[in-house]
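**Q** this is the structure alone, sequence omitted:
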């Protein structure tokens with residue numbers, strides 16, 4: 001499936017439930033900043049902007065720019081996640097079904113950069129692929145165990161608040177089904 005086809009199938013998708021849950025945990029009382037990594041069709045980014053966040057949406061596809069015209073508080077940056085350098089600190093970092101598409105040799109660096117871009121007490125919200133996922137043989141993707149993930153998040157000063165493991169047959173945007181093994185994680189940065 002091409003990126004355009006993916007966008008056509010997901011452009012009107014509701015924001016991820018995990019993200020909606022995570023926004024309720026953000027403690028900032030002033031202006032809030034959010035980073036949306038692998039922003040895709042901008043559903044999560046637009047949701048955050050509608051909640052008053054100043055949002056930086058990052059995706060590697062040039063056409064992402066054309067999805068955002070007229071959206072206040074939304075800055076779209078065309079860049080692979082592994083090349084993006086945050087320009088400050090964020091109250092919330094979101095990465096739904098995005099980080100697993102980074103090869104393992106760059107995966108932990110991207111995760112460390114994302115964690116490092118959070119303000120103290122900031123919220124990290126992401127979905128990771130587990131080792132039993134149907135796509136686990138793809139060398140271009142990254143799969144982690146629950147213990148490995150929680151150990152690494154701890155080294156990045158992220159205290160896991162929520163880690164739901166999901167296994168089962170489910171739909172994919174391209175059509176059809178696959179066996180999913182994912183971890184839905186919300187964590188808070190501490191010093």
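**A** Noted; the coordinates are in hand. All values derive from a computational prediction rather than experimental measurement.
**Q** contacts only, for the most centrally placed residue in the chain.
**A** Geometric centre of the chain, nearest residue: residue 95, 0.3 Å, by C-alpha atoms, centre = their mean. Applying C-beta atoms under 8 Å, 6 or more residues apart in numbering, one finds that residue 95 lies in contact with 36-38, 81, 114, 125-127. Bear in mind the C-beta positions are built from the backbone N, C-alpha and C, glycine included.
**Q** which ones among those residues lie within strands?
**A** 36-37, 125-127 (DSSP state E).
**Q** centre of the chain versus stretch 19-33, how much separation?
**A** 15 Å (C-alpha atoms, centre = their mean, to the nearest Å).
**Q** returning to that earlier point: looking at the contacts of residue 95, which is nearest residue 184?
**A** residue 127 (5.4 Å; C-beta to C-beta).
**Q** I'd say residue 168 and residue 179 touch.
**A** Yes: in this structure residue 168 lies within contact range of residue 179 using C-beta atoms under 8 Å: 7.1 Å.
**Q** the more surrounded of those two?
**A** Using other C-beta atoms under 10 Å as the criterion, residue 168 and residue 179 rank with residue 179 on top: 13 against 9.
**Q** helix/strand/coil for the residue nearest to that one when sequence neighbours are not counted?
**A** For residue 179, the nearest residue in space outside its immediate sequence neighbours is residue 134; the separation is 4.1 Å by C-beta to C-beta, 6 or more residues apart in numbering. Classification of residue 134 using DSSP: H, G, I helix; E, B strand; the rest coil returns coil.
**Q** could I get the average pLDDT for stretch 14-22?
**A** Averaged over stretch 14-22, pLDDT sits at 94.
**Q** do the same with stretch 81-94
**A** Confidence for stretch 81-94, expressed as mean pLDDT, is 94.
**Q** can you name the residues in contact with that stretch?
**A** Counting contacts by C-beta under 8 Å, 6+ apart, the residues touching stretch 81-94 from outside are 19, 22-23, 26, 28, 32-38, 44, 48, 53, 56, 58, 60, 77, 95, 98-99, 102, 106, 109-110, 113-119, 122-126.
**Q** now the terminal residues of it, how far apart.
**A** 12 Å (C-alpha to C-alpha, to the nearest Å).
**Q** picking that back up, drop anything exposed from the contacts of stretch 81-94.
**A** 19, 22-23, 26, 32-38, 44, 48, 53, 56, 58, 60, 95, 98-99, 102, 110, 113-115, 117-119, 122-126 (16 or more other C-beta atoms under 10 Å).
**Q** let me know whether residue 104 touches residue 142 as I believe.
**A** Yes: Residue 104 is within contact range of residue 142, at 4.7 Å (criterion: C-beta under 8 Å).
**Q** more neighbours, those two?
**A** Legend: neighbour count by other C-beta under 10 Å for residue 104 and residue 142, higher for residue 142 (20 against 13).
**Q** ok, that one touching residue 103?
**A** Yes: if you go by C-beta under 8 Å, residue 142 and residue 103 touch, sitting 6.6 Å apart.
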